[in-house]
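Engineer: Any chance you can model this:
(one chain, ligands or ions: 1)
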Amino acid sequence: MKQTYYITTPIYYVNDNPHIGHAYTTILADVLARFKRSSGHDVYFLTGLDEHGQKVQQAAEQRGVDPQQHCDEMAPRFLELWQKLHIQYDDFIRTSEPRHVSVVQDVLQTVFDNGDIYEDEYEGLYSVSEERFITEKEAESGEFRDIKKLKEKNYFFRMSNYQQKLIDHINANPEFVQPNHRKNEVLGFLKQPLEDLCISRPKSRLNWGIELPFDTDYVTYVWFDALINYITSPGYASNNAGFKKWWPADVHLIGKDILTTHSVYWPTMLMSAGIALPKSIFAHGWWLSGETKMSKSLGNIVDPLSLIEEYGVDPVRYYLMREMVLGQDAAFTMESFIKRYNSDLANDYGNLLSRVTKLIQKFFDGKLPPADDESDEGKHVKESAVSAIQKVNGCIDSMKMNEGIEESLQFIRAVNKYMEKMAPWKLAKENPKVAGGVLRTAAEALRIGSLLLKPVMPNRTEIVLDTFGSISDEVKWGGLTDDFALKDHEILFPRIDAKKTTVNDAKEKKDNPEGVILYEDFEKVELQTAKVLEAEKVEGADRLLKLQIEVGEEKRQIVSGIAEYYSPEDLIGKMVIVVANLKPATIFGIESHGMLLAASNKKELSIVTVAGDGIISGSKVY
Ligand code: MSP
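Structural biologist: Residues are numbered from 1 along each chain as shown. Here you go, the predicted structure:
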């Protein structure tokens, strides 16, 4: 019986545009799955989409379509990207599928029957625009609109019951949360009392979700739905052989942003439902755009599709796997991409192939020479191959992807050096047999190097293997066929001319540096002087003041979070500056029309005022 290996990626929000972060986790899972398959494991690789929730419901409403239809139309964007990236998944799960709905309901009922789900009333401040409960501090920040007090009944999962059991599990299983610093982070989090988890939303607020089996007025909310995908796919509930074969999963790959949900919510849910815990959860870091977080608002998200179009899929996979130290953040820059491509792929790997094949064509009529080089140097290459295979496997087992790739490249570089030293182009005239041996040894080494890199670059490595007629995928010295006529091959990795590339973040940055806005953006903000006519404290909100102001002819009311720094009397008569065209908001039930400017270093705060008698209220501020 083959050893099994079950690996998962997070399921991605269907509404998101697939970006380099999603591509990264999925490629990583694909590379690990391919390594395991090639080392004889029976592999199950799961990825998919997280489809329920408010955002999807809203997006569908805006388009005037049913949420299911909306999801059906969004899902292909991910499927297309996975196809372009050569992702060989075994299952692509979507949480709106009936098979998933029934497993979620089954687990919810079990947890409910165990007494771990209870009903409670929650009262708090609710932001209608954000569709979520917010803290008092958030309400006072003025960043949230349409705030109201809301009392709502919901269902809660007794996560707190499992706190100690989870701590014990993590301590007893050092591999459960990886890397080690993430494990410590989780243990640190578990030092404070664990709160119970709200798992429902009333249908009056959200109906695009999975109905609670014990109260049909509610749907599950976010994590109780999403996390369960990992057991739906291998067939939980039908209690079939598939589930027994694959569960518990070997590794849940996740980004560091969803560490708590996976290593605290998920195991406690499983404990309550009486299901075995996954063997490990591995949290990788984030891809940054240079030094900055990638975000829609900064417009610096790297689009995997344009990269693939320009450079091909394998270099993208290679760069992402080689450049990130698993567990830490990594910086994506076009400069480092091009450097990596030109030095590792075009120079080291690609050149070795063209050198070896050209020499075999020239001196041996394109026929693979029959025997290896038996000199010390030749033997050394063979030994290096054996040790590279071992080292790469060790790196993959310990999730050191970048080191594994570097080992393969070191090996290829060593073969380049061997070629330099042996100079078969010179030897060919004096001693063709020895020259042939050198070229066969180099060809065999290239075959081994290509097999080691194949999980990372399944396409281009195939060209090398095909050129030499390698039929076996076994990563073992001696797999070349005798008496084989070399096939022609295209240039493996044409060099990139950095000046000609169209995907060039360096240029964009020069034209439009990060954090810089255009004058027309600034022009959209209408700043005006305003005179404070009246001011009073807002009852029940320590930080808020309600001001009546005059902006030219117009009288307005604004609410401002400055009560800790100013008493109402200090403000009356002051000429302040307001953002006059800000959309009105309701703060603490009070209409606020505009925002007052203030300077703050978090400890002190000073409102911006205008001195000078000539300036009247309603004057424009530039
Ligand atoms: N739907 C949830 C996960 C539920 S899993 C049961 C979710 N989805 S997501 O679409 O936001 O994608 C999350 C994952 O995308 C992250 O955990 C991470 O794997 C990946 N990344 C998104 N942006 C990233 C970077 N900039 N860098 C690396 N990976 C990041 O959360």
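
Engineer: Now Trp247. Nearest residue, chain neighbours left out?
Structural biologist: Taking Cβ to Cβ, 6 or more residues apart in numbering, and ignoring the residues beside it in sequence, Trp247 has Pro234 as its nearest neighbour in space, at 5.5 Å. All C-beta spots, glycine's among them, are computed from the backbone N, C-alpha and C.

Engineer: Tell me if I'm right that that neighbour and Trp246 touch.
Structural biologist: Yes - counting by Cβ atoms under 8 Å, Pro234 does reach Trp246; the two are 3.9 Å apart.

Engineer: joint contacts of those two?
Structural biologist: Shared contacts of Pro234 and Trp246, defined by Cβ atoms under 8 Å, 6 or more residues apart in numbering, are found at 6, 44.

Engineer: what separates stretch 31-48 from the chain centre, distance-wise?
Structural biologist: With Cα atoms, centre = their mean, to the nearest Å as the basis, stretch 31-48 stands 20 Å off its chain's centre.

Engineer: tell me how far the ends of it are from each other?
Structural biologist: Looking at stretch 31-48, the gap from its leading to its trailing residue is 17 Å under the measure Cα to Cα, to the nearest Å.

Engineer: Stretch 449-466 now?
Structural biologist: One end of stretch 449-466 to the other measures 14 Å (Cα to Cα).

Engineer: May I see the buried residues of it?
Structural biologist: With burial defined by 16 or more other Cβ atoms under 10 Å, the residues of stretch 449-466 counted as buried are 449-458, 460-461, 463-465.

Engineer: got it, and stretch 603-614?
Structural biologist: Judged by neighbour count (16+ other Cβ under 10 Å), stretch 603-614 contains these buried residues: 607, 610.

Engineer: Stretch 116-132 too?
Structural biologist: Along stretch 116-132, the positions that meet the burial threshold by neighbour count (16+ other Cβ under 10 Å) are 116-117, 125-127, 131.

Engineer: likewise stretch 91-106?
Structural biologist: 92-97, 100-106.

Engineer: Okay, the closest residue to Glu444 other than its chain neighbours and Ile448: tell me how far apart.
Structural biologist: Closest residue to Glu444 in three dimensions, ignoring its sequence neighbours and counting by Cβ to Cβ, 6+ apart: Leu480, at 5.5 Å. Using Cβ to Cβ, to the nearest Å, we find Leu480 at a distance of 10 Å from Ile448.

Engineer: And for Val551?
Structural biologist: As defined by Cβ to Cβ, Val551 lies at a distance of 76 Å from Ile448.

Engineer: the more surrounded of these two?
Structural biologist: For Val551 versus Ile448, the count of surrounding residues by other Cβ atoms under 10 Å is larger for Ile448: 26 against 20.

Engineer: Compute the distance between that one and the ligand, please.
Structural biologist: Ile448 sits 31 Å away from the ligand, taking Cβ to the nearest ligand atom, to the nearest Å as the criterion.

Engineer: quick one: contacts for that residue?
Structural biologist: When contacts are counted by Cβ under 8 Å, 6+ apart, Ile448 is found next to 385, 388-389, 411, 475, 477.

Engineer: Just those: which are in helices?
Structural biologist: When these are checked against helices (DSSP state H), the matches are 385, 388-389, 411.

Engineer: so who does the residue of the stretch 251-400 of the chain found nearest the ligand touch?
Structural biologist: For the stretch 251-400 of the chain and the ligand, the shortest gap (Cβ to the nearest ligand atom) falls at Gly255, measuring 2.6 Å. Remark: with contacts taken as Cβ under 8 Å, 6+ apart, Gly255 is in contact with 10, 21, 25, 283-286.

Engineer: same deal with Ala23?
Structural biologist: Contacts for Ala23 (Cβ under 8 Å, 6+ apart) come out as 81, 85, 304, 316, 320.

Engineer: would you turn these into CSV with pLDDT?
Structural biologist: Converted to CSV, the contacts of Ala23 look like this (pLDDT from 0 to 100):
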residue, pLDDT
Leu81, 96
Leu85, 97
Pro304, 89
Val316, 97
Leu320, 97
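
Engineer: So which of the residues you listed belong to helices?
Structural biologist: Judged by DSSP H, helices contain the following of the contacts of Ala23: 81, 304, 316, 320.

Engineer: ok, for the first one, nearest residue in space, not its chain neighbours?
Structural biologist: Distance criterion Cβ to Cβ, 6+ apart; nearest residue to Leu81, sequence neighbours excluded, is Pro18 at 4.8 Å.

Engineer: Name the SS class of the spatially closest residue to Lys574 that is not a sequence neighbour, please.
Structural biologist: Distances taken as Cβ to Cβ, 6+ apart put Val532 closest to Lys574, at 5.0 Å, once the chain neighbours are dropped. Classification of Val532 into helix, strand or coil gives strand, according to DSSP: H, G, I helix; E, B strand; the rest coil.

Engineer: could you give the mean pLDDT of stretch 181-191?
Structural biologist: What stretch 181-191 shows for mean pLDDT is 97.

Engineer: from now on call the first residue 22
Structural biologist: Will do, 22 is the new start, and the previous item becomes stretch 202-212.

Engineer: contact partners of that stretch?
Structural biologist: When contacts are taken as Cβ under 8 Å, 6+ apart, the neighbours of stretch 202-212 outside the stretch itself are 184, 187-188, 191-192, 195, 197-198, 277, 280-281, 284-285, 304, 348.

Engineer: Export the contacts of Gly276 to TSV and append columns for pLDDT and secondary structure.
Structural biologist: Formatted as TSV, these follow (pLDDT from 0 to 100; DSSP: H, G, I helix; E, B strand; the rest coil):
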residue	pLDDT	secondary structure
Pro31	98	strand
Gly42	94	helix
Thr46	98	helix
Ala304	98	strand
His305	97	strand
Gly306	97	coil
Trp307	96	coil
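
Engineer: Please list which of those also come close to the ligand.
Structural biologist: The subset of these within reach of the ligand, by Cβ under 6 Å from any ligand atom, is 31, 42, 46, 307.

Engineer: Now the buried members of those.
Structural biologist: Neighbour-count burial (16+ other Cβ under 10 Å) is assigned, among the ones next to the ligand among the contacts of Gly276, to 31, 42, 46.

Engineer: OK, contacts around the first one?
Structural biologist: Just to be clear, that refers to Pro31. The contact partners of Pro31, taken as Cβ under 8 Å, 6+ apart, are 46, 71, 274-276, 279.

Engineer: Would you mind putting these into a markdown table with secondary structure alongside?
Structural biologist: As requested, these are arranged in a markdown table below (three-state DSSP):
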| residue | secondary structure |
| --- | --- |
| Thr46 | helix |
| Asp71 | strand |
| Leu274 | strand |
| Ile275 | strand |
| Gly276 | strand |
| Ile279 | helix |
